[in-house]
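Enquirer: coords please:
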Amino acid sequence: MRAETLAALLAELEYEDAVVATARNRDFVRRKDRAQTQIVEGDEIEILVPKQGG
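Expert: Down below sits the predicted model:
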């Protein structure tokens, strides 16, 4: 991965248009803050994707 921001990482992973929840180092990151949220080596990134069904 070459992304420097959380938004760029989501784009690389093809999640830019998906409804997801994100966190960096266990801190929730709002959609509007993803473009300004810098990521560096060692950061723990969580991307939660809702699933339907049961």
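
Enquirer: So which residues of the protein form helices?
Expert: 6-12 (DSSP state H).

Enquirer: residue ranges with poor pLDDT in the chain?
Expert: Under the criterion pLDDT under 70, the flagged ranges of the chain are 1, 54.

Enquirer: Report how many residues lie close to the closest residue to A21 other than its chain neighbours.
Expert: Counting by CB to CB, 6 or more residues apart in numbering, A21 lies nearest to L48, which is 4.3 Å off, once chain neighbours are set aside. C-beta coordinates here come from the backbone N, C-alpha and C atoms, glycine included. The number of residues packed around L48, counting by other CB atoms under 10 Å, is 9.

Enquirer: ok, now K32?
Expert: Neighbours of K32 under the rule other CB under 10 Å: 7.

Enquirer: any idea how far it is from T22?
Expert: 11 Å (CB to CB, to the nearest Å).

Enquirer: Ok, I45 next?
Expert: Distance, I45 to T22, by CB to CB: 7 Å.

Enquirer: Overlap of the contact sets of those two?
Expert: Where contact means CB atoms under 8 Å, 6 or more residues apart in numbering, the residues bridging I45 and T22 through contact with each are L6.

Enquirer: check contacts around the residue nearest to A21.
Expert: L48 is in contact with V20, A21, T22, A23, counting by CB under 8 Å, 6+ apart.
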